[in-house]
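>>> Next input, structure requested:
(one chain, ligands or ions: 1)
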Amino acid sequence: MSAGIFYSSTSGATKAAAEEIKSQLAPLEAEIYDIEEVSSELLNNYDFIILGASTMGIGELSDEWEDWIETIEKKHVENKKVAIFGLGDQEGYEDSFVDAIGIIYDHVGSMGPKMVGSWPVEGYEFVESKAKKGDEFVGLALDDDTQPDLTKKRIAKWVSLLKDQL
Ligand SMILES: Cc1cc2nc3c(=O)[nH]c(=O)nc-3n(C[C@H](O)[C@H](O)[C@H](O)COP(=O)(O)O)c2cc1C
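Just a heads-up that it's a prediction; the model follows:
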């Protein structure tokens, strides 16, 4: 199976998480890309796609993701496995915590991939999140602003759950 991680990062937190996910995926080899540097055509090369985004504005995608998501086509993702992770700040943005995960999930999920990598909401304190559907987040929520010590552990657990779904 070929795996590709596609992320965008403003100050480096999402980039660091993407790199940690790549190392935890071993022995599965994953290629890692900053979406600012590549076209979405590259999604064609992978059967397992991991998308990483921080939430900016008030519950918005970053500018890079705003543009890139519009270039993703059904043919890039349908019948593949797609997982999402996102960085946010549950104290500063309790009403829009990791919304980018939910925005990407709705957009890409509607194009026919098998979405994997949901994650429990326990252990976070927030009011609203577009990433929460039913009782779960639809991707891995990371908060390096207020819970930096949990990031590596959450990634290790999430990746081990993902491996069971591949
Ligand atoms: C201007 C600005 C707006 C933000 N808005 C949100 C938000 O609505 N929801 C959220 O969960 N986090 C929000 N955050 C927190 C970031 O998502 C968080 O700091 C993240 O780790 C940034 O990752 P990056 O540096 O990889 O882009 C915001 C941060 C900034 C600077």
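>>> From here on, just use CA atoms for contacts and neighbour counts.
OK.
>>> Which residues lie in contact with the residue nearest to residue 40 when sequence neighbours are not counted in this structure?
With Cα to Cα, 6 or more residues apart in numbering as the criterion, residue 40 has its nearest non-adjacent residue at 5.8 Å, and that residue is residue 72. Contacts for residue 72 (Cα atoms under 8 Å, 6 or more residues apart in numbering) come out as 40-41, 108.
>>> could I get those residues as CSV with distance to residue 14, neighbour count and secondary structure?
Output for the contacts of residue 72, formatted as CSV (distance: Cα to Cα, whole Å; neighbours: other Cα atoms under 10 Å; DSSP: H, G, I helix; E, B strand; the rest coil):
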residue, distance to residue 14, neighbour count, secondary structure
40, 18, 16, helix
41, 22, 12, helix
108, 19, 22, helix
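>>> JSON lines please, covering those and showing distance to residue 61.
Conversion of those to JSON lines gives the following (distance: Cα to Cα, whole Å):
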{"residue": "40", "distance to residue 61": "16"}
{"residue": "41", "distance to residue 61": "20"}
{"residue": "108", "distance to residue 61": "14"}
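>>> The chain against the ligand: which residues are in contact?
Residues of the chain found near the ligand (Cα under 6 Å from any ligand atom) are 9-15, 54-59, 87-90, 93, 96-98, 144-145.
>>> Mind pulling up the pLDDT for residue 157?
With respect to pLDDT, residue 157 has a value of 98.
>>> Please renumber the chain so that the first residue is 24 from this point on.
OK, 24 is where the count begins now, so the last one is residue 180.
>>> Make sure it is indeed in a strand.
No. Assigned with DSSP: H, G, I helix; E, B strand; the rest coil, residue 180 falls outside any strand and is helix.
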